[in-house]
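Visitor: I'll drop the sequence and a predicted model, then ask my questions.
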Amino acid sequence: MNKDKKNKTILFVDDEPALVKMNIIFLQRHGYSVKGTVYAGEALNWFKADPKAFNLVITDIAMPEMNGEEMIRKLRMIYPGVKIIVLSGTIHTRQTDRSNHIIYLDKPVEPEKLLEQIHLLIG
């Protein structure tokens, strides 16, 4: 396991429990520490408690409790430099903006494509 990755923590948020579980396992197998939830509010509370504990947030855009755009806005109010990957099952108009540390990916995303984008943001 790459020591650099072992110290990198990802917060994964999606309202589909199977996707959360699958991605936690996948990312852990690739050396990342991952905390995942199906509740945007819970994720936001974890982030508020220790924003710098998370090197990256991966979030779905369409969630019932709080949509991803609202969550991103709240995350950025807490820690403007947070790096984010947004997963969207619907066509989105937002574009990836690496200078603003945000990448948009269409669902379903191939695991290797997700991993590639994670490497671009946090190594």
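Guide: That came through fine.

Visitor: just for the chain, where's the confidence low?
Guide: 1-6, 90-100 (pLDDT under 70).

Visitor: Tell me where it has strands.
Guide: Secondary structure of the chain (DSSP state E): strands located at 9-13, 33-37, 56-60, 84-88, 102-106.

Visitor: For the first one, which helices and strands make contact with it?
Guide: The criterion is 3 or more C-beta pairs under 8 Å, 6 or more residues apart in numbering; DSSP states H and E, and the helices and strands that strand 9-13 contacts are helix 17-29, strand 33-37, helix 40-49, strand 56-60. C-beta: built from backbone N, CA, C; applies to glycine.

Visitor: Next: the last one.
Guide: Contact here means 3+ C-beta pairs under 8 Å, 6+ apart; on that basis strand 102-106 packs against strand 84-88, helix 111-122.

Visitor: The last one: which residues count as buried?
Guide: For helix 111-122, burial by neighbour count (16 or more other C-beta atoms under 10 Å) applies to Leu114, Gln117, Ile118, Leu121, Ile122.

Visitor: ok, those vs Gly31, which is closest?
Guide: Ile118 (10.5 Å; C-beta to C-beta).

Visitor: Near Tyr104, how many other residues are there?
Guide: 18 (other C-beta atoms under 10 Å).

Visitor: Could you do Met66 as well?
Guide: Neighbour tally, Met66, other C-beta under 10 Å: 18.

Visitor: so what's it closest to, chain neighbours aside?
Guide: Nearest residue to Met66 in three dimensions, chain neighbours excluded: Ala40, at 3.9 Å (C-beta to C-beta, 6 or more residues apart in numbering).

Visitor: Could you list which residues are in contact with that neighbour?
Guide: By C-beta atoms under 8 Å, 6 or more residues apart in numbering, the contact list for Ala40 reads Val13, Asp15, Thr59, Met63, Glu65, Met66, Asn67, Gly68, Glu70, Met71.

Visitor: Then Phe12?
Guide: Val20, Asn23, Ile24, Leu27, Val34, Lys35, Gly36, Thr37, Ile58, Thr59.
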